[in-house]
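S.K.: Just need the structure, nothing else, for what follows:
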Amino acid sequence: MKKIILLGILIITNISCKSQVLPLEKLIDYVKTDQGAPDGTTYIKDVNNIRQNYLGIWKGSYNNKNYEIHFTNYTSNFIINEDQLLMRYVITDSNGKILEDTRSLPNDSPYIVTSRYYEKSFFVLTYQGRQSDCGQAGELFVEAQKSTNYKTLKLFLSPRQGFINSQTCPNGAAVQLFPKDNITLTKQ
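M.R.: Residues are numbered from 1 along each chain as shown. Next up is the predicted model:
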């Protein structure tokens with residue numbers, strides 16, 4: 001009898017709880033007001049396939065560095081399911097020496113760049129380099145260019161501002177791997 005009552009309670013609870021899907025492009029409305037997703041949201045979903053224009057491998061050069069960016073779809077299952085972009089990359093100097101390569105790191109590595117939100121025509125991604133304690137961190141802004149039928153992408157870094165501890169970082173702020181100016185990448 002207890003099992004039947006428990007089963008009935010679970011069924012009633014499931015019927016009365018309304019799960020809510022929030023379209024990915026609507027999350028910005030809540031980010032701007034410093035609110036989380038609305039109560040009852042269970043999934044921040046890419047219902048309009050916005051991420052599709054970013055997927056794949058992109059290449060470009062800037063300031064004697066070569067960039068190869070890999071975007072993939074990912075659905076995080078933390079508190080709320082959320083459709084995101086994951087960004088892995090390899091950056092080389094003009095001689096082909098690898099400066100950074102995150103392509104083989106697991107999805108939960110802190111060095112894998114993840115989308116934070118989408119606003120109008122661009123994604124904002126959270127970036128943390130290996131020297132993040134010394135300022136190698138910030139937000140990457142990426143925008144697939146509609147004018148080129150989504151064959152080019154603009155990217156730039158807005159570095160995280162903060163104090164650099166001279167004991168932790170005796171050489172001062174770390175060199176940023178991503179440019180603060182727009183770089184144009186081409187889809188491969």
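S.K.: So which residues of the protein form helices?
M.R.: Residue ranges of the helices in the chain, as given by DSSP state H, are 2-16, 27-31.
S.K.: helices and strands around the last one, which ones?
M.R.: By that I understand helix 27-31. Other elements packing on helix 27-31 under the criterion 3 or more CB pairs under 8 Å, 6 or more residues apart in numbering; DSSP states H and E are strand 113-119. For the C-beta atoms, the positions are set from N, CA and C on the backbone; glycine is no exception.
S.K.: which residues are contacting the strand it packs on?
M.R.: 24-25, 27-28, 31, 50-51, 74, 76, 84-89, 102, 123-128, 139-140 (CB atoms under 8 Å, 6 or more residues apart in numbering).
S.K.: Can you point out the buried residues in that strand?
M.R.: For strand 113-119, burial by neighbour count (16 or more other CB atoms under 10 Å) applies to 113-119.
S.K.: helices and strands of the chain: which one has the lowest mean pLDDT?
M.R.: helix 2-16 (a mean of 43; mean pLDDT, DSSP states H and E).
S.K.: picking that back up, redo the buried residues of strand 113-119 as a markdown table? Include distance to Tyr150 and pLDDT.
M.R.: Output for the buried residues of strand 113-119, formatted as a markdown table (distance: CB to CB, whole Å; pLDDT from 0 to 100):
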| residue | distance to Tyr150 | pLDDT |
| --- | --- | --- |
| Val113 | 19 | 97 |
| Thr114 | 21 | 95 |
| Ser115 | 16 | 94 |
| Arg116 | 21 | 91 |
| Tyr117 | 19 | 92 |
| Tyr118 | 14 | 94 |
| Glu119 | 17 | 90 |
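S.K.: from those, which is closest to Asp46?
M.R.: Tyr118 (8.6 Å; CB to CB).
S.K.: Does Gln188 touch Gly56 like I think?
M.R.: Yes - using CB atoms under 8 Å, Gln188 is in contact with Gly56, at 6.7 Å.
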